[in-house]
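Q: predicted model, plus sequence, below.
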Amino acid sequence: MSSSFLEDVEFIKLLIKSREACAKGNYIKALEITEDLIFVHKEDKDSWFLHIQEECFSQDVMLSRPCAMGFYNLAKQLGSVSYYKKCVEKSKQALAVTYPENTSPVARSMLQELKKDLEKEFKTLIRDAERKIAGAKISPLSSESKVWEPKKSLDLVKNEIQELRKYWMGLDIKIKRDFMNVSIAKLKSFVEGVYYREGRDVLEKVLTSAREERKWTFWMCKTKCLKKLSSAEECKNHLEQQHAADFKHASKKDLVQRIGKDWARKISVGAWEPVDAVAAVEMMKNRLADVKAFAPKNGWSKEWPLAADGDRSKLLKEIKLLLVSYCDHKILPSSIREWLMRFPAQYLGKLEVSEQSLIDSHLVETPQSICFLESHELNQILDFLKTIKCKRNDGTDLICRAVDSFLDHTRVKEKIDFDPQFSFLLLDRRLLKCKDVPFDDEGIINVFDPNVHYAKAPAQGDDIISWLTDYNSVDKIFPRPIREHNFGIWVAVLKAVQFTFRSLGTKYAKKFLVLDYDAALTVVENLCMSEDERRKNLQEDQWNRYASLLCDSCEERLSESSLTTNFFLWAVRDVLEGASHPTFDFPDLEDCMNLIRQCKSLSDDIALKSIHHLKSVVTHKVLLIDSKILLIDNSRITLLNNLTRLSAFDNRTYILRLLKPFLLSEIVNMESKAKSDAAEAYLLLVEEKTSQSKKKKNKSNKRNSTSMSSPLDKTVDHEPSVNLEPRASSPSLKIVKEDSMEPEGALASERDRLEISSNTGIQEEATKDDPDMRNMPGEDLLSEHLASAPGEAAARYNSALDMTLKALLNIKILKEDLMHNMQLFQNHLEEQVPSALQNLFTAFVSEVIKNEGVYSCLLSHLLVSVEEMFSMVYVEKLSDADAAEVVVAIFEFWHCWKYRERESLVTRLFTLEENERMSCINCRSKPNYPEQRSHGIVVAAESIRDLKCALGDIKFVDILKVTRMEYTMLCDIKSGGCGRTNIVHHIISRCPPIFTIVLEWEKNETEKEVSETTKALEWEIDISRMYDGLEPNTNYRLVSMVGCSEVEEEHICIAYEKNRWVNLRRESLVGEDIGNWKSVVRFCGEKKVRPEILFYEAARSMA
């Protein structure tokens, strides 16, 4: 049994560190550590211990304390009953926390210890909060949640600042403009004096980033991946695809679509007046040409005759108001529009108006057709529309207000630019005129000549002094790691985003459930309709009751164990019992059948009425689910946009944190020097007057000189208004750069083909199934097997098998095929399949293979099974084989995965069925050659390299095409030909889902030759350029490849996972990140990795 990560020494250290951070009140650091642990151990069975999510079966006790305390303090500040209640709820959750059955003893022990330590504190919180709630009944508190606003200080102006204002107002305009031109060298010297070397390093990194990217703003994912992103859209896509949730849509067609702008406009601008349907139908029947000539404006025509019907007019106005409201809230799905349009089609159909007439009359394109309906139909529509909800009380509005409030205090208004030499920072010249300037969220950096930039800048007022002493928009801690910037609220919004994705997944699952039930109801209805057709030719005494017919059909299907059968039985039971709503959870099918048998005598009228009622209910359920999905999707979009906003980081918050105290000290020094100079000038003036007075007669000997005192003689101490103490413990700022994850260009198609033999002669193995996968050993069995292998050759063979298997298991269509056909194959296998292969596919489909140790054990069993399946002589030969020969052995081994009615897995997915055609250019003979089967094509690496060097900018597909042109055939003389050599044309009629290319190497290539060969390969190929008979753009994409590294002397597998190429090591199925396709080429060159097998997957199967 594998040990829990809770026993790991490094984990325990981090847990202790998190506790210490909590004890010191540094909850952000504690949260950061916990989020990193969740990211690393999210697949572990004990990962529940780390989660703080309401939908989980437990809570993290350690972090519930600051959460509960936070709610208590927030309730106290706001006087909010709701937050006191949340405090009680969070505390009780922590006290009642449980663990799943498979939790390790270590997790249980740690949980009990934490609960014991914090039990007293939680009980005190619960008691105090409940007292506040009880007291609110007598003296009510606020029950509404409010966004906390920081208190504004009233003592913003000091005497020193007043003096600075006076000094600034008296300065010459040229001095003011020069003041805005900040020397970077002086700024660095100042920062180093205050924050030491650490602060200077951060400043230099920020300035370097600004100089290279010409932008102050960037986006960063604050999960453990810490990916730096260059735009809001890129950030939003990354967060949605990588960190939002596990929910994925089944296909694009399953997505609920909002009503289009065109229809929304038609709904809002229409008059919605009732139409005289009888007169209108008469026009369509007798004056269709005139009706066709109607010129509707925004879908509405004034030519239709109107009816003076107050009731219908009122109903139509109500319908319009609701539809307009739903359009404004973006919750009106296309399915409701289609449902609405079925009403006029059915109504006018009863009046013998054909579908073509409706099209010719433009009524299928406009909501005006609803105005033809009578009050009965309009009431049905209105009653349903009133059940749709416009709002969802999920806290999104509160989160948005909190985010807005937070960002309002961190957004930057001031532009900061550079001079051409990047030796000066140019402050926003608008600061010379006023303090209140618009926000500059883009943060674009411009380069200006300072003399020109400030030449005509007006300098009015003293608002710049207020700006220098205002620190609301800058980071108070410097240098703070970027990840810690708004980390708490960022994580909270991320959790909200993840919750909405899970909610979407739940709603879609419910919708699919209802649709399956609806499909079963349709089958029931069709059975009844088929009985109606049968009755036309029979006497009434030969008729079958609908109920009896449905019961017999259930009896026939009862032996089939499938979800479709279950839905059919549930639908029949609901119909015969007259259920008001569909039911999906009848556990015992035999009991269900007994109920159906009891209703065999039910009358046809009641059965039909029940079917129509259930169809209507199901339709309404689907439509309501669609509107709820759009409502949740609105929350998802809003929360994701807010999370993207919180992910933005503006380096100006760092720059301003340094600039403001620097500039403040500069202007204080300027003022002090001005006062000192004025005092010195005054003393010189006094001395001059004293000297002149001594020359006066009869006064010099009778009077002493008078010493005049001036305020300027006093020493002026200027204390900075901001704290400039260095922060010695903060880590330095890191600028992270990421390569583009998109592969460059369209990647080309394949080339020359040599057949890989597809020998299907497999010996039967009489082995028994293995025990449960959970009892399989881990890495030890594989290690022992490898240790027993004779020498280096065996190790290389095992390495090739290991990596080739991983490359195959990375193919999406392989997994999908196994998932869809697993049950059929297991029930109908024609020959006994080795248990090692069954265990491998079962673990692969169920994803048990990802659990620690399972893959290694499966690989070990596979090796043993291969030795038993083939003769030992062949195995010894295979131990020296390269990856190409290994993949052939795997294909032969997999051929047994088949049954009588279905081809083998290898034939369906990997086999290429090819015809070679030759048309003699001399005698016009066209001999027929038998179809050939292969698993892919083989091409010499040297040929690829030589053609690439010779032809220059040529695509990989064209290289393959050129090499295949070398294959020729003689016009067969024996069959009446002329013996001339002709080019062969290759034709395939069916594209294999997986296309394999094998590269042959001399195995003495230099690093340069390996790199040149790899550069010629491409990520996407179009095989229609290699084979005749295919549609253009039959594209395949590379999903994995196996290569042999001379540096590491073993095979490796490089696979495409989550928009990145990764190197899958032997020790784990988890990949080591390589990067984009350029990085793969560089990696292969540096490691001397010779790509040997390339697995391409049909692009349509990857969509």
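A: Nice, thanks for sending it over. Numbering: from 1, shown residues only.

Q: so which residues of the stretch 601-750 of the chain form helices?
A: Assigned by DSSP state H, counting those that start in this stretch, the helices in the stretch 601-750 of the chain fall at 604-647, 652-694.

Q: among those, which is nearest E892?
A: helix 604-647 (47.9 Å; CB to CB). Every C-beta, even on glycine, is put in place using the N, C-alpha and C of the backbone.

Q: which secondary structure elements does that closest one sit against?
A: Judged by 3 or more CB pairs under 8 Å, 6 or more residues apart in numbering; DSSP states H and E, helix 604-647 is in contact with strand 217-220, helix 232-238, helix 334-350, helix 396-408, helix 487-535, helix 546-557, helix 563-577.

Q: go through these and name the closest to I175.
A: strand 217-220 (31.9 Å).

Q: check which helices and strands whichever helix or strand comes after the closest one sits against.
A: Using DSSP states H and E, the helix or strand that follows strand 217-220 in sequence is strand 228-229. With contacts taken as 3+ CB pairs under 8 Å, 6+ apart, strand 228-229 sits against strand 217-220.

Q: JSON lines for the helices and strands packed on helix 604-647, including mean neighbour count?
A: Listed next are the helices and strands packed on helix 604-647 as JSON lines, based on neighbours: other CB atoms under 10 Å:
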{"stretch": "strand 217-220", "mean neighbour count": "20"}
{"stretch": "helix 232-238", "mean neighbour count": "18"}
{"stretch": "helix 334-350", "mean neighbour count": "16"}
{"stretch": "helix 396-408", "mean neighbour count": "17"}
{"stretch": "helix 487-535", "mean neighbour count": "18"}
{"stretch": "helix 546-557", "mean neighbour count": "19"}
{"stretch": "helix 563-577", "mean neighbour count": "21"}
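
Q: mean pLDDT lowest where, among those?
A: Ranked by mean pLDDT, the helices and strands packed on helix 604-647 bottom out at helix 396-408, with a mean of 83.

Q: what's the burial count for V452?
A: 8 (other CB atoms under 10 Å).

Q: distance of it relative to N181?
A: 12 Å (CB to CB, to the nearest Å).

Q: cool, A129 as well?
A: A129 is 57 Å from N181, by CB to CB.

Q: just L239 next, same as before
A: 40 Å.

Q: which one's more surrounded, these two?
A: L239 (23 against 15).

Q: any idea how far that one lies from L639?
A: 10 Å.

Q: overlap of the contact sets of the two?
A: V497 (CB atoms under 8 Å, 6 or more residues apart in numbering).

Q: please name the nearest non-neighbouring residue to K898.
A: Excluding the flanking residues, the one nearest K898 by CB to CB, 6 or more residues apart in numbering is S904, at 3.6 Å.

Q: the one you found contacts H895, correct?
A: Yes: here S904 reaches H895: they are 4.9 Å apart, a contact under CB atoms under 8 Å.

Q: adding mean pLDDT, distance to R430 and mean neighbour count, write the helices of the stretch 601-750 of the chain out as JSON lines.
A: Formatted as JSON lines, the helices of the stretch 601-750 of the chain follow (pLDDT from 0 to 100; distance: least, CB to CB, whole Å; neighbours: other CB atoms under 10 Å):
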{"stretch": "helix 604-647", "mean pLDDT": "92", "distance to R430": "24", "mean neighbour count": "19"}
{"stretch": "helix 652-694", "mean pLDDT": "75", "distance to R430": "15", "mean neighbour count": "16"}
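
Q: out of those helices, which is closest to L315?
A: Among the helices of the stretch 601-750 of the chain, if distance is taken as CB to CB, the winner is helix 604-647, at 18.5 Å.

Q: where are the low-confidence patches of the stretch 801-950 of the chain?
A: Counting by pLDDT under 70, the ranges of the stretch 801-950 of the chain that qualify are 826-832, 867, 870-881, 900-901, 928.

Q: now do the strands in it.
A: Secondary structure of the stretch 801-950 of the chain (DSSP state E, counting those that start in this stretch): strands at 912-917, 932-934, 937-940.

Q: give the pairing partners of the longest one; include direction for each.
A: The reference is to strand 912-917. strand 932-934 (antiparallel), strand 985-987 (antiparallel) (DSSP bridges).
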